[in-house]
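[1] structural data only, the sequence is not supplied:
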């Protein structure tokens with residue numbers, strides 16, 4: 001390739017190119033369905049997960065409508081199926097794949113200076129496998145759903161449950177292969193395809209986050225695959241794996257399930273942490289405080305997440321000594337999470353903060369994640385967990401982490417990178433309104449559930465005593481506000497695709513390599529191989545500017 005360095009030899013300006021964009025290079029249906037371009041595959045994933053987000057959200061809407069009154073609207077059996085399908089769809093078909101498959105797929109190669117992911121065909125195959133698993137879960141939903149809860153606890157799921165439990169479990173089994181393929185692609189790409197000068201300690205924190213979550217996916221997802229396979233074996237062949245009547249152990253399922261599913265919480269939250277680490281420095285015009293500590297914290301969270309699974313089982317019959325060990329381990333895993341919150345806060349100190357929509361979503365993420373983390377420490381305390389386990393307190397806690405924090409980061413990433421992905425700017429005031437409405441609606445929905453849980457309202461109950469109606473009504477009202485907040489971006493971002501103002505190469509003045517490409521990028525990302533000279537967050541807080549082609553990023 002030809003070599004040119006900005007500031008020394010005349011070259012293309014940042015954002016200039018002779019290639020058509022990835023959106024216009026080919027326009028046939030086949031060119032999209034058989035594409036190997038990581039950016040197009042990211043958009044295909046975006047369409048798929050958006051569909052499942054609204055399917056899962058629809059089930060949640062029915063649940064909150066039912067709980068607005070003690071009498072309810074749904075029959076108990078239907079309510080059981082709604083919360084089961086809501087959990088399955090939202091966890092495995094939105095929250096886990098949301099950021100890695102969309103923004104990770106789109107931007108990891110661009111952020112490290114590569115032309116594509118290491119295995120483009122495997123990347124496309126992962127999308128087809130994801131959709132295959134989606135068809136299976138939709139089959140289970142249409143045929144009557146499952147009624148075990150998203151955790152598939154045995155022996156309920158193997159002996160007693162009605163409904164299409166096997167189909168739902170097999171959907172999760174198939175979905176795991178998509179996650180493994182995606183994670184493998186990211187790990188190999190980050191190891192092998194970094195641009196010259198892109199050392200490990202010059203990687204953007206979003207890349208570190210995707211790398212960490214990919215390691216967790218590769219090591220934890222096979223355990224879930226084996227677990228669901230064994231469930232099918234017992235359900236249809238009758239081998240005594242989990243059924244005590246045939247020599248099985250019901251707790252074996254819980255150990256195997258949570259050995260995957262607690263790291264799965266960090267599969268959801270680690271990419272969100274990476275998003276916040278990109279947005280906050282950009283809109284505070286300051287470098288990330290403690291970059292090395294942030295990278296260590298990310299990898300520490302990924303490793304420690306494998307040692308705390310049994311804190312979900314404090315009331316399941318494990319020994320008191322095991323409970324103490326896992327309680328202490330849970331407190332340890334909170335340390336790197338707290339380090340990241342501290343570093344984000346210090347990064348804001350003395351910054352020239354601009355409260356645009358991506359920043360509002362990022363700040364919402366930090367606040368909701370902190371609230372979820374503090375209540376998680378409460379649940380890590382044995383005495384507290386025994387009291388509130390199986391109540392709405394637990395529901396509120398994990399929604400603050402899994403939904404409030406992760407979805408806020410997802411929308412923050414969507415607004416931050418939307419101009420780069422589409423070449424269009426969105427209406428800023430509408431976006432700010434949606435971000436603020438999201439924060440209000442979410443807290444109004446789930447904070448009352450902490451109170452309900454403390455009062456003793458059990459989770460997964462379709463009815464409740466009349467004295468709890470006011471808190472449930474408040475929660476249902478908040479859910480309606482949250483639904484509006486989640487729907488708003490669908491309209492104004494869709495509007496921008498056709499009528500939005502054209503975006504420049506770098507409308508936010510950010511420092512990442514992805515901002516040196518045009519908006520939208522060309523098919524092969526870079527006409528010339530990027531060479532990295534400085535770290536990823538070379539902002540100058542004194543001049544309220546950023547180091548661009550003359551400093552942080554050179555292209556040859």
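    It's in. Since this is a predicted model, take the numbers as computed values, not measurements.

[2] nearest residue to residue 291 other than its sequence neighbours?
    Spatially, and ignoring its direct neighbours in sequence, residue 291 is nearest to residue 535 (6.8 Å; C-beta to C-beta, 6 or more residues apart in numbering). C-beta coordinates here come from the backbone N, C-alpha and C atoms, glycine included.

[3] three-state assignment of that neighbour?
    Counting by DSSP: H, G, I helix; E, B strand; the rest coil, the backbone at residue 535 sits in coil.

[4] for it, give me its contacts.
    Contact analysis of residue 535 by C-beta atoms under 8 Å, 6 or more residues apart in numbering lists 201, 202, 287, 291, 552.

[5] state the distance from it to residue 111.
    Distance from residue 535 to residue 111, counting by C-beta to C-beta, to the nearest Å: 13 Å.

[6] would you format the contacts of residue 535 as CSV with pLDDT included?
    Shown next, in CSV, are the contacts of residue 535 (pLDDT from 0 to 100):
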residue, pLDDT
201, 94
202, 94
287, 92
291, 95
552, 35
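
[7] in helices, which of these appear?
    residue 291 (DSSP state H).

[8] distance to residue 228 added to the contacts of residue 535, as TSV?
    Shown next, in TSV, are the contacts of residue 535 (distance: C-beta to C-beta, whole Å):
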residue	distance to residue 228
201	39
202	40
287	44
291	39
552	46
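
[9] can you tell me which of the contacts of residue 535 is closest to residue 500?
    Nearest to residue 500 out of those is residue 552 (C-beta to C-beta; 28.4 Å).

[10] ranges for the strands of this structure?
    Assigned strands in the chain, in chain order: 530-532, 539-540, 545-546, 553-555 (criterion: DSSP state E).

[11] surely residue 74 and residue 462 touch.
    Yes. In this structure, residue 74 is within contact of residue 462 by C-beta atoms under 8 Å, at 6.5 Å.

[12] what is in contact with these two at once?
    residue 66.

[13] rewinding a little: and the strands of the chain, which one's lowest on average pLDDT?
    Note on the strands of the chain: lowest mean pLDDT is at strand 553-555, with a mean of 34.

[14] of the contacts of residue 535, which is the most crowded?
    When these are compared by neighbour count (other C-beta atoms under 10 Å), residue 291 ends up highest, at 22 neighbours.

[15] I figured that one hits residue 537, correct?
    Yes. Because the distance of 7.2 Å satisfies C-beta under 8 Å, residue 291 is recorded as touching residue 537.

[16] shared neighbours of those two, anything?
    Common neighbours of residue 291 and residue 537 are not found (criterion: C-beta under 8 Å, 6+ apart).

[17] which stretches of the stretch 451-556 of the chain have low pLDDT?
    Of all residues in the stretch 451-556 of the chain, those with pLDDT under 70 make up the ranges 541-556.

[18] return the set of buried residues in the lengthiest helix in the chain.
    Longest helix in the chain by number of residues (criterion: DSSP H): helix 250-284. By 16 or more other C-beta atoms under 10 Å, the buried positions in helix 250-284 come out as 250-251, 253-284.

[19] how far off centre is that helix?
    Distance, stretch centre to chain centre, for helix 250-284: 7 Å (C-alpha atoms, centre = their mean, to the nearest Å).

[20] with stretch 29-49 instead?
    19 Å.

[21] need the distance between the two termini of it.
    Taking C-alpha to C-alpha, to the nearest Å, the first and last residues of stretch 29-49 lie 20 Å apart.

[22] one more: stretch 421-437?
    End-to-end span of stretch 421-437 (C-alpha to C-alpha): 25 Å.

[23] repeat for stretch 32-46
    One end of stretch 32-46 to the other measures 13 Å (C-alpha to C-alpha).

[24] show the average pLDDT along the longest helix of the chain.
    95.

[25] my guess is residue 530 meets residue 514, correct?
    No. Using C-beta under 8 Å, residue 530 is not in contact with residue 514, being 10.1 Å away.

[26] more neighbours, the two?
    More neighbours surround residue 514 than the other of residue 530 and residue 514, with 26 against 22 (other C-beta under 10 Å).

[27] thought residue 109 was touching that one, still the case?
    No. In this structure, residue 514 is not within contact of residue 109 by C-beta under 8 Å, at 9.1 Å.

[28] so where's the chain uncertain?
    For the chain, the stretches with pLDDT under 70 are 1-18, 541-556.

[29] report the central residue of it.
    Closest to where the C-alpha atoms of the chain average out (C-alpha atoms, centre = their mean) is residue 268, at 3.9 Å.
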